[in-house]
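Q: need a structure here:
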Amino acid sequence: MPIAAVIRPGETEFDQQGRVQGTLDLPLSERGLQQVGAIIEALRDQSIRQIYTGPHDPARITAQLVGDALGISVKELDALVNVDHGLWQGLCFDDIKRKHPRVFKQWNESPESVCPPGGETCHEAFERAQVGLRKALKRKDNFAVVSCEPMVSLVECILRHEGPKSSPPCRPARSRLVELIEVAKPEAVAAVD
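A: Below is the predicted model:
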């Protein structure tokens, strides 16, 4: 079975400041560039044939640096653009928590149930990503996907043939930068259940 490497891009200053990034184009911070070096080392022996990335800067820059270092082609997919957080983009999580405590609590406990004003739901983003990854999932080669949170958590759900679940917006520690997932055919997953 092919392997999919799910990659969280290197950090930006917004990550370090506790701000909502959403679909904003932001450069990688110094620490983010160091994290890309760790991603490259983690993927060096994985025989990745293609990298798919969202079109926003943190993911696109990470994908391009990894692709250049390992000689892997990179393909941008509009379907992998991060979840649109609408009017919350650029705000500090603490400000949202202070101004909208009930909505913030719900967003932390059940992120897929909240749609930021002027944004999109996780379910809408999940469906978009499913369509965008359809061709990659049909191939038998190892591939990688680079996207920011919460889209990257939705991609993991797609690869595991699960429903849309998103990570809480304010998790205390960043997840692993690279997660390797065996990509089973949907019918194979159904047969195991």
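Q: number of residues surrounding Glu182?
A: 10 (other Cβ atoms under 10 Å). Using the backbone N, CA and C atoms, a C-beta is placed for each residue, glycine as well.
Q: Ala5: what's it in contact with?
A: 42-43, 46, 48, 142-145, 178-181 (Cβ atoms under 8 Å, 6 or more residues apart in numbering).
Q: could you dump those residues to a markdown table with pLDDT, neighbour count and distance to Arg128?
A: Formatted as a markdown table, those follow (pLDDT from 0 to 100; neighbours: other Cβ atoms under 10 Å; distance: Cβ to Cβ, whole Å):
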| residue | pLDDT | neighbour count | distance to Arg128 |
| --- | --- | --- | --- |
| Ala42 | 95 | 17 | 27 |
| Leu43 | 96 | 22 | 25 |
| Gln46 | 93 | 16 | 26 |
| Ile48 | 97 | 22 | 23 |
| Asn142 | 96 | 19 | 23 |
| Phe143 | 97 | 21 | 18 |
| Ala144 | 98 | 27 | 19 |
| Val145 | 98 | 29 | 13 |
| Val178 | 94 | 19 | 23 |
| Glu179 | 92 | 18 | 21 |
| Leu180 | 94 | 14 | 24 |
| Ile181 | 93 | 17 | 19 |
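Q: what is the nearest of these to Leu159?
A: For those, the closest approach to Leu159 (Cβ to Cβ) belongs to Ile181, at 4.7 Å.
Q: okay, and that closest one sits in which element?
A: strand 178-182 (DSSP states H and E).
Q: ok, the spatially most central residue of the chain to Gln34 distance?
A: The centroid of the chain falls nearest to Val152 when counting by Cα atoms, centre = their mean (2.0 Å). According to Cβ to Cβ, to the nearest Å, Val152 stands 19 Å off from Gln34.
Q: circling back: ok, the strand holding Ile181: who's next to it in the sheet?
A: Strand 178-182 has the following strand partners under DSSP bridges: strand 3-7 (antiparallel).
Q: quick check: mean pLDDT of the partner strand?
A: Average pLDDT, strand 3-7: 96.
Q: right, I'll leave it there.
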